[in-house]
Structure formats: structure tokens, C-alpha cells
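Engineer: here is the input, now give the coordinates:
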Amino acid sequence: MTTKGKIVDVTTETTKGFEATLESMKENIAKATHGFEASQAKMKEQMAKAMKTTEDFVAFSQGNVEAMIKASQIFTTGMQDLSKHFAASTQASVEESMATAKALSGVKSVKEAVELQTGFARTLVEKMVAETSKLTDASLKITEQAIAPLTARMTKAVENFSTKI
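Structural biologist: Numbering: from 1, shown residues only. The predicted structure is shown next:
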């Protein structure tokens, strides 16, 4: 073999090696690009899920705040009504006490004073028992009404989270 033949063989072999290396690099770049694209698509999918979860959480939390506001409004209105009723009852009681005191000043005998005082005390106790019963019933009703929006939110939370588990 001549020197020229050896150079041609070396050149051919070098060219083949270079082309093989170049082809291998192209394949590796294509594989890396494909892997990167797949990773990027997976990341986008995960980000979309995270955003949806965050949006759902924010919406649910907003509903919780609205339920708390509604419950507070119901409770506040109910307590105002109870306070008005209590004030009216107290005023009526004071007026009755004043009327009894005025009537006591005009009695002609001890017996008449005792009867008047006894009647007033009996009436006072009866009204106090009746008013206490009314206030207790009204308080329970207010509590039930105020808790209703919160109970509804709790039920919704259980439904939402039990379907996602």
C-alpha cells in the first residue's frame, strides 16, 4: 500500500468517525430536546393543577368569610332585638313598680297594703318567668339561625374534600 492509499484510508476512517460522532450528537440533542419538551409539558400541567387548586381554595375561603359575615349579621340583629325586648320589659316593670308605689301611698289599712304588695309580687314573678322563657326561646332561635350559614359551609367543606380524597 502506498502512502497516498494510507492517507486516503486514514482520511476515510476519520471522516466516518467524525460523521458517526456528528450523528450521535444529533441523536443525543434530539433526545435531550424531546426530554426537555416532555418535562416542560409536565411542568405546565402541574402548574395548571396548582393554579386550579389555588383558585378553588380562594373561592372556598371567600364563601367561608361570607358565611361568617352572614352569621354575624344574624346574631347582631337578633341580639339587638333581644335587647329592645329586654329594655321594654324592664321599662314596663319599672312603670308597674311606680304604679304600685303610688297605689301603696293611698292605702287605708295594713291589710290593703299587704294585699297590694302580694299581688304585685305575684304578678312580678309570673311576668319574670314568662319573660325568661321568651328570652330563652328567642336566644335559642337566634343561635340556630346564626349557626345555619356556618353549618352549611361545614357541610360543603365535607362534600368538597371527601370527593377529592
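Engineer: just the element for the most centrally placed residue in the chain, please.
Structural biologist: By CA atoms, centre = their mean, the chain has its centre lying nearest to Asn64, at 2.3 Å. Using DSSP states H and E, Asn64 maps to helix 3-105.
Engineer: how far does that helix sit from its chain's centre?
Structural biologist: 15 Å (CA atoms, centre = their mean, to the nearest Å).
Engineer: quick check: mean pLDDT across that helix?
Structural biologist: The predicted model gives helix 3-105 an average pLDDT of 89.
Engineer: so which elements touch that helix?
Structural biologist: helix 110-164 (3 or more CB pairs under 8 Å, 6 or more residues apart in numbering; DSSP states H and E). For every residue, glycine as well, the C-beta is placed using N, CA and C.
Engineer: roughly how far out does the helix it packs on sit from the chain middle?
Structural biologist: In terms of CA atoms, centre = their mean, the centre of helix 110-164 is set 27 Å apart from its chain centre.
Engineer: okay, the angle between it and helix 3-105?
Structural biologist: Angle, helix 110-164 to helix 3-105, by axes from the mean of the first three to the mean of the last three CA atoms, to 10 degrees: 170 degrees.
Engineer: elements contacting helix 110-164?
Structural biologist: Using 3+ CB pairs under 8 Å, 6+ apart, helix 110-164 sits against helix 3-105.
Engineer: for Gly106, grab phi and psi.
Structural biologist: Dihedral pair for Gly106: phi -100, psi 10, per degrees, to the nearest 10.
Engineer: okay, now it: neighbour count?
Structural biologist: Neighbours of Gly106 under the rule other CB atoms under 10 Å: 9.
Engineer: same check on Met79?
Structural biologist: So Met79, with other CB under 10 Å, has 14 neighbours.
Engineer: now swap in the one 10 residues further on and tell me
Structural biologist: Residues contacting Ser89 under the criterion other CB under 10 Å number 17.
Engineer: swap in Val107?
Structural biologist: By other CB under 10 Å, neighbour count at Val107 equals 14.
Engineer: let's verify it: helix, strand, or coil?
Structural biologist: Put simply, Val107 is coil when judged by DSSP: H, G, I helix; E, B strand; the rest coil.
Engineer: which residue packs closest to it, ignoring adjacent ones?
Structural biologist: What sits nearest to Val107 in space, not counting adjacent residues and going by CB to CB, 6 or more residues apart in numbering, is Ala113, at 4.5 Å.
Engineer: close enough to count as contact, that neighbour and Leu104?
Structural biologist: Yes - the criterion here is CB atoms under 8 Å, and Ala113 meets it with Leu104 at 5.9 Å.
Engineer: in contact with the nearest residue to Arg153 once chain neighbours are set aside, which residues?
Structural biologist: Nearest non-adjacent residue to Arg153, counting by CB to CB, 6+ apart: Ala67, 4.3 Å away. Each residue near Ala67 by CB atoms under 8 Å, 6 or more residues apart in numbering is listed here: Pro149, Leu150, Ala152, Arg153.
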